[in-house]
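Trainee: fold the following for me, if possible:
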Amino acid sequence: MSYQTFDFSDICLAVANYFANKQKNCIQLTLEEGEKIFGQPFNMVTIDSKGTTNGILILQYEELLDEVAENDHSPLKSGMGIQNTWVCLDMSMLEYCLPKLDEFTGILIYKRVSEQGYKISEYRKAEKMHDYPHPADTLSELLNIQAKRYWWLENYRRTESIIMQEMEDLNL
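Mentor: The predicted structure is shown next:
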């Protein structure tokens with residue numbers, strides 16, 4: 001069975017579920033938000049009840065690591081707000097990307113298992129770089145980003161529901 005489409009949000013959901021199974025709360029970021037807050041282009045960050053943090057860069061294509069390096073972020077690293085750094089990539093990218101990652105960076109492999117689903121497996125565990133948790137203002141900023149996304153999605157779902165009801169009422 002071949003799945004031709006690529007949906008970044010499906011991979012993000014699979015990564016969030018992978019970390020949720022490890023009792024870690026995931027917050028999705030844009031690359032720009034990751035750079036602004038952590039100085040690294042993370043797509044996602046996690047935090048658990050003990051304050052342990054992970055920064056995650058999901059690669060959509062292998063050259064993204066080269067682009068990160070060109071922006072003076074090579075190798076990806078943990079900063080003061082992030083303790084573990086992870087890269088999530090397709091197995092076909094591993095040979096190209098592995099030499100560009102330091103030994104402390106964890107590697108997750110995503111594999112498409114259905115039209116909308118991906119399986120995430122750990123190739124290499126990330127090594128904790130330090131014991132500093134998120135500063136309180138960083139956590140507040142992350143929760144604000146998450147809340148904005150949640151309410152945008154709720155508004156979208158509500159609007160979609162209203163439109164579908166109106167179409168049904170008009171027998172379209």
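Trainee: all contacts plus neighbour counts: C-alpha atoms, from now on.
Mentor: Fine.
Trainee: check the secondary structure at residue 157 for me.
Mentor: Recorded secondary structure, residue 157: helix (DSSP: H, G, I helix; E, B strand; the rest coil).
Trainee: quick check: pLDDT value at it.
Mentor: Predicted confidence (pLDDT) for residue 157: 75.
Trainee: identify the residues contacting the most centrally placed residue in the chain.
Mentor: By C-alpha atoms, centre = their mean, the chain has its centre lying nearest to residue 44, at 3.2 Å. Applying C-alpha atoms under 8 Å, 6 or more residues apart in numbering, we find residue 44 in contact with 26, 27, 28, 29, 30, 34, 55, 56, 57.
Trainee: let's see 6 Å
Mentor: 27, 28, 29, 56 (C-alpha atoms under 6 Å, 6 or more residues apart in numbering).
Trainee: residues near the first one, how many?
Mentor: Residue 27 is surrounded by 19 other residues when neighbours are defined as other C-alpha atoms under 10 Å.
Trainee: and it, backbone torsions?
Mentor: Backbone geometry at residue 27, expressed as degrees, to the nearest 10, gives phi -130, psi 120.
Trainee: which stretches in this structure count as helices?
Mentor: If DSSP state H is used as the criterion, the helices of the chain fall at 8-20, 31-38, 63-70, 94-97, 136-169.
Trainee: between the ones you listed, which gets nearest to residue 121?
Mentor: Relative to residue 121, the nearest member of these by C-alpha to C-alpha is helix 8-20, separated by 8.3 Å.
Trainee: need the contacts of residue 44 in JSON lines (columns: distance to residue 98 and pLDDT).
Mentor: Formatted as JSON lines, these follow (distance: C-alpha to C-alpha, whole Å; pLDDT from 0 to 100):
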{"residue": "27", "distance to residue 98": "26", "pLDDT": "89"}
{"residue": "28", "distance to residue 98": "24", "pLDDT": "90"}
{"residue": "29", "distance to residue 98": "24", "pLDDT": "90"}
{"residue": "56", "distance to residue 98": "16", "pLDDT": "93"}
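Trainee: of those residues, which is the nearest to residue 70?
Mentor: residue 56 (18.6 Å).
Trainee: report the beta-bridge partners for the closest residue in space to that closest one that isn't next to it in sequence.
Mentor: Among residues not flanking residue 56 along the chain, residue 86 sits closest, at 4.7 Å (C-alpha to C-alpha, 6 or more residues apart in numbering). In this entry, residue 86 is beta-bridged to residue 56, residue 106, by DSSP bridges.
Trainee: what residues are up against residue 86?
Mentor: Applying C-alpha under 6 Å, 6+ apart, the residues contacting residue 86 are 56, 105, 106, 107.
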